[in-house]
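>>> could you work out the structure for the sequence below:
(chains A and B)
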Amino acid sequence: MNSKILNRFTLLMLTGLLFLLASCKKYLDQKPITEVGSEMVFSDVASTQQAIAGVYSRLVGDQGFGIRLSLYYTVDNDETQGPTGGGDNDRRDIARYTATSGNAQLEKPFNQLFQGIEYANICIDNIPKMNLYSKGTEQEKKQLQRMYGEALTLRAQFYLEAIMIWGDLPQHFQPAYAQAASNPFPSRVDRDTLYGQLLADLKTAEDLVPWRNEVGSIGDQTDERITKGVVKGLRARVALFRGGYSLRQDGTIKRGSNYLSYYQIARDECNDIITSGQHGLNPSYKSLWKDQVCGHTVADPDGELMFQASAIGLTGAEDTKLGYYNGPTVNSKGNKSINILPTYFYLFDSTDLRRDVTCAAYSVGANGSQKTGTAITAICDGKYRRDWATNPTIDPTSSVQYLGFKWQILRYADVLLMYAEAENEINGPTASAYNAINMVRRRGFGKSINSPDATVDLSGLSKTTFFSALVRERSLELGGEGVRKFDLLRWNLLGTALAETKVNLANMSTLTAISDPSYMAGFPSYSKSTILPIAMYYYSNTASDNNNIGGLWYNSLYKTAPTSTPSGTKKVVWLSSAIATAGTSSPLGRYATGFTTGKSELMPIPQPARDANFNLSQNPNY
Amino acid sequence: MNKLLLFLSVLFFIPVALIAQTKTITGKVTDDTGAPVAGVNVTVKGAKKGTQTDKDGNYSITVTGNPEIVFTSVSYTSKTLVVGNNVVLNVQLEKAVSTLDDVVVIGYQTVKRKDLLASVSSVGAKDLKDIPINSAAEALNGRLSGVTATTAEGSPDAQINIRVRGGMSITGDNTPLYIVDGIQVENGLSALSPQNIQSIDVLKDAAATAIYGARGGNGVIIITTKSGKPGKLKLSYNGYVGVKFLAKKLKVMSPYDFIYYQSERSRGSSTDSTTFTNDYGTTWDTLSVYQNVDVVDWQKEVFGNTGFMQTHNLSASGGNRKITYDFGYTYNDDKAVVLNSSYKRHLLNLKADYKITNNIKLAVGTRYTHTDVYGAGVSSDQGTSYNRLRNAVKYKPFLSPNQNIEDQDPYADPSAGNGLILVNPILLVNSEYRKKTTNVFNVYANVSWKILKNLTFKTTVGYDFSKRMDRQFSDSLAPYAVTQGGAKPIVRLDSVKAKTFTNSNVLTYSLKGIRKNHDIDILVGEETYDLKTESRSSLYGSFPNFTSYNTAFKNLDMGTAFNGYPRLGKTRYTSLSFFGRINYSYKDKYLLSANVREDGASKFGPGNKWGTFPSVSAAWRISREKFMGHVNFINDLKLRVGYGKIGNNRIQDYLYLTTYSNNGNIYYGLNNNSINGYYPTSLVNSDLKWEATVNRNLGLDITMLNRRIDMSVDYYYNTSSDLLLNVPVASTYGYSSQLQNVGKTSNKGLDLQLNAIILQKKNNFTWSANFNMSFNKNKIEQLGINQQYFYPAASWGVSGQPTDYIEQIGQPVGAMYGLVNDGFYTLNDFDYNTTTGAYTLKAGVVSDAAIITVVQPGSVKFKDLDGDGFVDLNNDRKIIGNPTPKFTGGLNQQFTYKNWDMSLFVNFCYGNDIYNANKIELSNAYTNNANMLDIMSGRWKIVDANGQTTQWVTGTTAYGVSPDKIAALNANATIWQPIKSAGAFYPSSWAIEDGSFIRLNNITVGYSFPVNKLTRLHMSKLRLYVTANNLAVLTSYSGYDPEVSVRNSGLTPGLDYSAYPKSRSFIFGINASF
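Presented below is the predicted three-dimensional model:
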């Protein structure tokens, strides 16, 4: 190598070095590649849509409505109760109101709800700042407005759920990046303040989100996304909770100020939905659950399933365990961890078609169809049933735990009942209040929804007795849908309901007639009988999911049972001491055993959340 | 032909005729690298006269006749040669065992060990040759002071965690930096074969590592591969074959014990006992047949195969004065003891040096490694449901009627809670296919140009490419397919690609002997580093049953992609650095060195991109002082002191930016189609900066007794700050934590390295020993604001499992945490109601019902630490184990006798605890029809010899027969009734065991054929040897092996859970050179 080459080489190296130094600032400025900054996410409609999907996703999965919010946190109430077995520092303790702040199932759902709030906050902060939001095409603007409204609505949904469970909470109406540095340890804020913000947000969202039948006009497809009816329905629900009772931080149970003005909001919002004609009831209560919900059906011609949390992916991330954790087992697969209380079973009129949808008194054999009757102590809730699953059906041998059943957050029937409740509270039992509740009842009994029918319609009630009837009707219509415990809480009736249910369970165990509850309309007269069967005989070869005689059962649910087992049938124990034996295997033995008024109305704030934030105080008496 | 023979005979016989002439012999003495050796004594054997080689290694000596000439030197092994008919006698001397003149690489430079100012541990080819194993990382285990190399488990590709003086980081990566032939590579040891390594130098303190700045915080491992030497083509073959056996088995209960317990387990539940009688017989007497059934030892069936391993290494090296080269090929094949588990690796390497002119040298090198690892292994990072050890231990220890050994047991519980189903372990192994392929390719070149006599410029470029493919197939039976894929086959394909480009430019200026006494060395340099990664992950399920793995891999469309898959992740990391070093020495007596490095990295935000890492060190060679002149037994004595700051940049990219991911972790269904959601990956902290460590080191090097003993002692105290911790933030912000620079830890310790030549050439016998020992004390000094401790996620177990480790101020990282065991409840703890038969706890006796649900005689008992009368998780757990050893070390002894050589290597570890989580799972009765460890044969029994139930539970009350009968049955009970409730897997002090051990790691005996016998075979070397690896372990640990830590996370060290069991191997090998 001669010196010429050497010189060139040196020159090259020096040039390279200089170039490098000049560009070094840029060289060290690397931007994310597969992950992106907010300017990329909120740049167009499609990627903003993905950000919104991120917000929605916080509704479901194991830590959301997939199982914890829907099934762990909603029992025990006067309809259903949690699983048998000893205390577990887990779901059983939650069901029995014995959970402590260290309970293993508190932290993650708490976190996921606030994750939802944060994800929504990010969208709420960014979408209105987007260039397209103000300068896009009409369609782009409308689509982005809808998404802005959806984010506001979803935030309200997450907050409502969290307040119902935990009471006062820190206030997060801005993204963490804008708030966390200046206020790293936020204190709890009175729920009425939070509710006030949610109601204002939902009011804003109403004008941004189109009605269900209008989404096509802005270029969106019809799907499970939030529409105006949902915004209004949720606003009504928030208003009822704002106007209802709750356990306050000072240990008293009281209702917020000016409660009637909030009932007025609920009434008006529900009225808007009803008069809009956008939503209706599926004429068949069974078909609604069996064919639509369990049938994984997308189409909803009546628009009854207003707000559904989706379930997809077959894993704990974004699917649900509905129909696996609860509901009847198939080929012994499933947990049947939610049980129908015998008292609730007998609350239904014998001709009320909703009983055999809500209550599944059987398990299914290995062939996927043959039924085995259960004892009265082991009736499952039945709205999410593995054996009803179609599209796809689930093989009886499959051990799959995620069945893709969508959790129903808001149904039109609930809107009608909220309307009836609010209208009655403000104006007494008016014709429109009767009409709303009776539409629900008529459908429940298989009658024509819009034709008055004296056999099932309520009439001639006082404001008080109308309310009693409504308390019962909501249970009959919405049983097992996760709303009962919170309804009873906002009416300040949970303690009463649990106590009276205990008495009636004890009565049933000794074959003493059950007595009408004080807090709601009573049982059918034949349920309050001493001749309720002590045994039921199911056909040993039946595929029926129906509790009627000739369906699943050989004998009547309301009459003395035969003493010997009729041929072709098998016996299960019905009314007996098994309802009340000591220990956690009987309904009474484990029923709300730890419920303490002035404490159990709220769940404890999870300890890890308090460890991370010393300003986060605990709920009363924990 | 005949003429040729004649000519050859003449050539051979002429020398005889030349005997008794006087002549002058000249020659040159070189070392094994070809460099001249000055000062070698050259003497004629038997004569008194002699001479020395000059500075170029040349000598000249007059001899008479055909004497033997002896070459001796302190640093080299002496050599004796017969003059014969030569007049020129060139000699190559081999280095003596003393390491003082070894060259040590300390970062962009090499120094002689005697001039080291830093703390460096080294291992050379000579030590590595005795370790016929495939993993270079494993070869370091116990050989270097201050360095621990912990193998996670026994699988052929097990992760080996190398830590230099303990880890400084808490949640960060504590992996050291690897520099191979001057180029930074990721995980440098796995892509190298031990046979190609010339030396490994581990830089332990800031005096050496600060030149690597932000990358040097965890120590630096510098690997130099073998180079060619000038001379004829030299072909070498190193190969070995060996067999492996399972080193230890866990004892399980016999079939009769199993049945006896299953009968106990079924009592108290009508369904269970009906199932039991259906399965095993209605009367007690029928059970006695199980005393004579054939035992199936599932561990033997699945882990007990005879492994077979072979390694073949070929190398060709040589060259001339201009070019030298070394080419190598290595093939490893390791069929492990576990069924279907094997390992294959091909390595190619080429290294060449080209002296372009006298002043310009070019070096190029390239390596290619292809590794295939087969088998799903034993542990699983996907969770407890998918671990395989459970099946090999808990599966029913005999076959049911008509059950073939590869059939599912008809009685096994197919729907055990928490996915803890039991699958026939043979069937399971065959239903899970896994193949991990790694390809690593790297190439580098450097040019060094001696611009002036004292000034050298060196530029290095390197490119490294690695690609890892992981193919997994879970057939319908595998728990993963059962719980996640609806019992249909699942395919998982993952790939990770990384491309690195590095360039460094270094200028060195050295002035020796300024005014005779001053030496100065100056180095300045610049370096860039650019790393791009790309990962891809696909998960497909719902393949038709009976699809073979090959079909499934080829036809992914037969399955359906899981939601959120495939996933793609790409990153790019760039850094730019400037560095400098100045070395100064006065009279070779006072040495001073200062380093500084300025690092800029793309990982940090504006204002935090640059970090400065300075260090300074000094040494005093006391032996050069006049007052040491009369101390003859000391050859060299040097005191070193160093102080410096270094960093750790092993954190994820882009953390300072708010970023959103749509990688498929989060998705939502609309109209039954899922769409991926964008979500913020973390709560951003725009102020993130480097983790920093301050290193303090005080060392003493001493060489004595005519260089026969060589010792280094180092004391260090390292403190780190700004450690990145995921500090809990108010969870209502929507994030559980935020990464903040808040943590502080310290490591304090002592490293001791001792090399001794105990006997040298006495009666042809040489005995040398290397001993090292390290003491380290690791402590967490600070966590987040208001944070005294935090719990990492439970390291194993099922849903709701309490955490089992704690990170607490004042404690080492990863202290084990749990309940304290207190034996079991005895009859004395209970009041007996003779009417109802109820056993109730006496007043004042602590109840642990909150843990195990129902307390009865024979129940496991935990201590009530807070004294409130009952045991609960919130108040009655404490630190129950310390994962850090008090000391670790190794002793390697090498013996040679004539042509025989032998080495014996022992390593040891003292004072650490192991969390034997296996014991918890394998001793509980959570799952129906599951066997347990043999220790449970001594359990408290609840069924007497006649099959009568003596204790039962109704609701939450325990009932039983009279106390005297229960006492008689359980007079010899050694352990509690198996737990089968929710608390079955709760960590307790019972599972914490002393992990101290002494391991007879390696014994090798070799025989080298005398060189004169080999010449006819055209060989220069032929050595045969036999080796036993992992021959014995002296330990009180009850699990498979105390050297275990199955989780990659530094937060949960010393966990033994479902680890791949270790094996013992016996090897026969050959080293041959032509």
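>>> near chain B, which residues of the stretch 401-550 of chain A are found?
A:Gln401, A:Gly404 (C-beta under 8 Å from any C-beta of the partner chain). Placement of C-beta: from N, CA and C, glycine included.
>>> so which residue of the stretch 401-550 of chain A comes closest to chain B?
A:Gln401 (7.1 Å; C-beta to the nearest C-beta).
>>> A strand includes A:Thr153, no?
No: A:Thr153 sits outside any strand when classified using DSSP: H, G, I helix; E, B strand; the rest coil, being helix.
>>> quick check, pLDDT for it.
At A:Thr153, the model reports a pLDDT of 98.
>>> and it, how far from A:Leu198?
As defined by C-beta to C-beta, to the nearest Å, A:Thr153 lies at a distance of 9 Å from A:Leu198.
>>> and those two? Which one has more around it.
A:Thr153 (31 against 27; other C-beta atoms under 10 Å in any protein chain shown).
>>> was I right to think that one contacts A:Ile226?
Yes: contact criterion C-beta atoms under 8 Å: A:Thr153 and A:Ile226 qualify, at 5.1 Å.
>>> now list whatever residues contact both of those two.
Taking C-beta atoms under 8 Å, 6 or more residues apart in numbering or on different chains as the contact rule, A:Thr153 and A:Ile226 both touch A:Val209.
>>> for B:Cys909, give me its contacts.
When contacts are counted by C-beta under 8 Å, 6+ apart, B:Cys909 touches B:Pro885, B:Phe887, B:Thr888, B:Gly995, B:Ser996, B:Phe997, B:Pro1042, B:Glu1043.
>>> and the nearest residue to B:Gly1054 once chain neighbours are set aside, what does it touch?
Once flanking residues are discounted, B:Gly1054 sits nearest to B:Pro883: 4.0 Å by C-beta to C-beta, 6 or more residues apart in numbering or on different chains. The neighbours of B:Pro883, taking C-beta under 8 Å, 6+ apart as the test, are B:Pro812, B:Gly814, B:Ala815, B:Met816, B:Asn912, B:Asp913, B:Tyr915, B:Pro1053, B:Gly1054.
>>> scan these and report the most crowded one.
B:Tyr915 (32 neighbours).
>>> surely it is in a helix?
No: applying three-state DSSP, one finds B:Tyr915 to be strand, outside a helix.
>>> confidence score at it?
96.
>>> over to the one 5 residues further on?
Note on B:Ile920: pLDDT of 93.
>>> ok, back up a step: the residue of the stretch 401-550 of chain A closest to chain B and B:Gln484 touch, don't they?
No: taking contacts as C-beta under 8 Å, A:Gln401 lies outside contact range of B:Gln484: 9.0 Å.
>>> show me which of those two is the more surrounded one.
The neighbour comparison of A:Gln401 against B:Gln484 (other C-beta under 10 Å) goes to B:Gln484, with 26 against 23.
>>> which ones are touching the more buried one?
By C-beta under 8 Å, 6+ apart, the neighbours of B:Gln484 are A:Leu314, A:Thr315, B:Ile490, B:Gly541.
>>> can you pick the most crowded of these?
Counting neighbours by other C-beta under 10 Å, B:Ile490 comes out on top of the contacts of B:Gln484 with 25 neighbours.
>>> looking at strand pairing, list the partners for that one.
On the basis of DSSP bridges, B:Ile490 is bridged to B:Ser474.
>>> how near is it to B:Ser538?
Counting by C-beta to C-beta, the gap from B:Ile490 to B:Ser538 is 11 Å.
>>> what sits against the residue nearest to A:Ser451 when sequence neighbours are not counted?
Excluding its sequence neighbours, the residue lying closest to A:Ser451 (C-beta to C-beta, 6+ apart) is A:Arg442, at 7.4 Å. Contact partners of A:Arg442, counting by C-beta under 8 Å, 6+ apart, are A:Ser448, A:Ile449, A:Asn450, A:Ser451, A:Asp453, A:Val456, A:Asp457.
>>> any of the residues you listed buried? List them.
Neighbour-count burial (16 or more other C-beta atoms under 10 Å in any protein chain shown) is assigned, among the contacts of A:Arg442, to A:Ile449, A:Val456, A:Asp457.
>>> so who does the last one touch?
A:Asp457 makes contact with A:Tyr434, A:Asn438, A:Arg441, A:Arg442, according to C-beta under 8 Å, 6+ apart.
>>> right, and the pair among those with maximum separation?
Taking C-beta to C-beta as the measure, those span a maximum distance of 11.5 Å, between A:Tyr434 and A:Arg442.
>>> count of residues packed around residue 307?
Defaulting to chain A. As a burial measure, A:Phe307 scores 23 neighbours (other C-beta under 10 Å).
>>> could you do chain B instead?
21.
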